[in-house]
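Engineer: sequence and predicted model, in that order:
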Amino acid sequence: MEKGCYVKDIAPASDVGGVFAVSQAAQGKARNGPYWRLTLTDASGGVEAKIWHPLSADFADIAPGSLVWAEGRAELFREQVQLVVERMRFLSPAEQAALDEAAFLPSSPYPLDGMLDELLALCREEFHHGPWRKLVLDFFADEGLRADFRICPAAKGIHHAYAGGLLEHTLSVFKLCRSLADLYEELDRQALLAGALFHDMGKIREFSGGLANDYTDEGRLLGHIMLGVAMLEPFLARSGLSEALQMHLKHLILSHHGELEYGAVRLPQTAEALTLHYADNLDAKLAQCRGLFAQQGGGPGWTPWQSSLGRTLCRIERTPEKKSPEPRKKAMKRECLSLLKV
C-alpha cells in the first residue's frame, strides 16, 4: 500500500490523500452537531484535522495510534494549515503490516547513536568525583534504561516531541550547562551536570512512545519529575554520594520547571537549580522556534500564533557571514589539480 501524501507537503487550498497515524483525537460540539478534532502525523510532522457532522457520526471511537487513510481539503484556520476530512477509514491489519512504521514516527534530525555516544563521552570526561561517576555509569550500564532513553520523546507536543527528542534535549542542556559552568566558576559543576543529565529522565516512564505517544497511567498520576527521582533511588543508594549531594540532585530535578504553576515541586533554591531551570527553558523555547521557522521554509517572515509562547515570532533577515579564506595549502592543491586537467 502506498503512503500517499506526507504532512510536510500539505499546502492550503490543496487536495490531500494519504495514510496517517492518529496521535490525538477528541470530540467536540458545534452548532450543526458533534465533530472530531484530530492530529494526524507521519515522519514529516503533524497537522490538525476536523471531521464535521454528519461524517463524524460514522466514528464511534478513534483511538490514538490508529493508522487511517484520510482524504480531504487543506485550508488555513487562524494562520495554520488544517485538513477538513471528507473521507476516512481505518487500515486493515494486512494493510498495516505492509507499511513501514518508520514512515509514521517523527524522529530527531540527528543520528541517535551519535548523540548517545557524544553524551556518554562527555559524562566520562566531566564526572571525576567517584560517587558521581559511579551513579552515572551504573545508570547507563542498564541496557533497558539506555535503550528507552535513546528513543524516548521529550514531550507530547510542545518541544522535541519525536523519537530521540529526550536524548537530543538532554545533550543540548548538558552542553549548555557545561558552558555556563565554565563562565560561572562558583557553580558546583558536577552537581549541575548531573542535574542536566537526569532532569527529564522520568519521561521514559511518563510517555508510551510509538505511534500514539500518549501518557502512561503513572505518567498521568505521578508525572516525570516524581518518576525521575524514584528511578534514581536504587542507583543513588549504591553510589556512595553524600546525603547532601543526593539531596541537591533531587532538588535539581524537583525544581527544574522553575515555578510551581508550571509543575515544579519546589522553587529553585540553589544557584545550580536556577541555572538548570534557565538552561532547560532556553533549549525548549529555541526548539519551538526551530519548529515554527521550519514550517515557514526559508527566508524571513512571521510565524502563526504559538499558544505555548503566547505570541507570534518574526524571523529576521540574517547578518551576512564573511566566508573564511580557503587555506593556502588546500588552494594550492586545487590549483595544481586544475593545471593537470588542462
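Structural biologist: Sure, I can see it.
Engineer: in the protein, which spans are strands?
Structural biologist: For the chain, the strands defined by DSSP state E occupy 15-30, 33-42, 45-51, 67-77, 80-90, 301-302, 314-315.
Engineer: worst mean pLDDT among those?
Structural biologist: Sorting the strands of the chain by mean pLDDT places strand 301-302 lowest, at a mean of 87.
Engineer: give the pairing partners of that one; include direction for each.
Structural biologist: In the sheet, strand 301-302 lines up against strand 314-315 (antiparallel) (DSSP bridges).
Engineer: for Gly263, which of the strands of the chain is the nearest?
Structural biologist: Nearest to Gly263, of all those, is strand 15-30, at 20.3 Å by CB to CB. (C-beta placed from N, C-alpha, C; glycine too.)
Engineer: mind listing what's buried along the closest one?
Structural biologist: Using 16 or more other CB atoms under 10 Å as the test for burial, strand 15-30 gives 16, 18-25.
Engineer: now, among those, which is nearest to His257?
Structural biologist: Nearest to His257 out of these is Gln24 (CB to CB; 22.8 Å).
Engineer: double-check that closest one against Thr39; I have them as touching.
Structural biologist: Yes: if you go by CB atoms under 8 Å, Gln24 and Thr39 touch, sitting 4.0 Å apart.
Engineer: show me where the stretch 51-200 of the chain has helices.
Structural biologist: 93-97, 112-126, 130-141, 143-151, 165-183, 189-198 (DSSP state H, counting those that start in this stretch).
Engineer: check the stretch 201-342 of the chain too.
Structural biologist: Taking DSSP H, counting those that start in this stretch to define them, one finds helices in the stretch 201-342 of the chain at 203-206, 217-221, 223-239, 243-255, 271-296, 328-341.
Engineer: who wins for proximity to Ala43 among those helices?
Structural biologist: Of all the helices of the stretch 201-342 of the chain, it is helix 271-296 that lies closest to Ala43, at 14.0 Å by CB to CB.
Engineer: the inter-axis angle of the closest one versus strand 45-51?
Structural biologist: For helix 271-296 against strand 45-51, the angle by axes from the mean of the first three to the mean of the last three CA atoms, to 10 degrees is 70 degrees.
Engineer: quick one: helix 271-296 to helix 189-198, angle?
Structural biologist: Counting by the same axes, to 10 degrees, helix 271-296 points 40 degrees away from the direction of helix 189-198.
Engineer: and helix 271-296, what does it pack against?
Structural biologist: Under the contact definition 3 or more CB pairs under 8 Å, 6 or more residues apart in numbering; DSSP states H and E, helix 271-296 sits against helix 165-183, helix 189-198, helix 243-255.
Engineer: now do 10 Å
Structural biologist: For helix 271-296, the elements it packs on are strand 45-51, helix 165-183, helix 189-198, helix 243-255, strand 301-302, strand 314-315, judged by 3 or more CB pairs under 10 Å, 6 or more residues apart in numbering; DSSP states H and E.
Engineer: Ser308: which of the helices of the stretch 201-342 of the chain is closest?
Structural biologist: Proximity to Ser308 (CB to CB) singles out helix 271-296 among those, at 6.7 Å.
Engineer: the closest one vs helix 165-183, what angle?
Structural biologist: Using the same axes, to 10 degrees: helix 271-296 against helix 165-183 is 130 degrees.
Engineer: and the angle from helix 271-296 to helix 243-255?
Structural biologist: Using the same axes, to 10 degrees, helix 271-296 lies at 30 degrees relative to helix 243-255.
Engineer: now helix 271-296: buried residues?
Structural biologist: Residues of helix 271-296 classed as buried: 272-280, 283-284, 287-288, 291-293 (neighbour count, 16+ other CB under 10 Å).
Engineer: now do stretch 75-90
Structural biologist: Buried positions in stretch 75-90, judged by neighbour count with 16+ other CB under 10 Å: 81-83, 85, 88.
Engineer: could you do stretch 295-306 as well?
Structural biologist: 303-304, 306.
Engineer: what's the closest of those to Met247?
Structural biologist: Gln306 (37.0 Å).
Engineer: distance check, the closest one against Ala49.
Structural biologist: 19 Å (CB to CB, to the nearest Å).
Engineer: Tyr6 too?
Structural biologist: Distance, Tyr6 to Ala49, using CB to CB: 14 Å.
Engineer: same check on Leu252?
Structural biologist: 40 Å.
Engineer: swap in Met226?
Structural biologist: With CB to CB as the criterion, Met226 and Ala49 are 34 Å apart.
Engineer: looking at those two, which one has more neighbours?
Structural biologist: Ala49 (25 against 16; other CB atoms under 10 Å).
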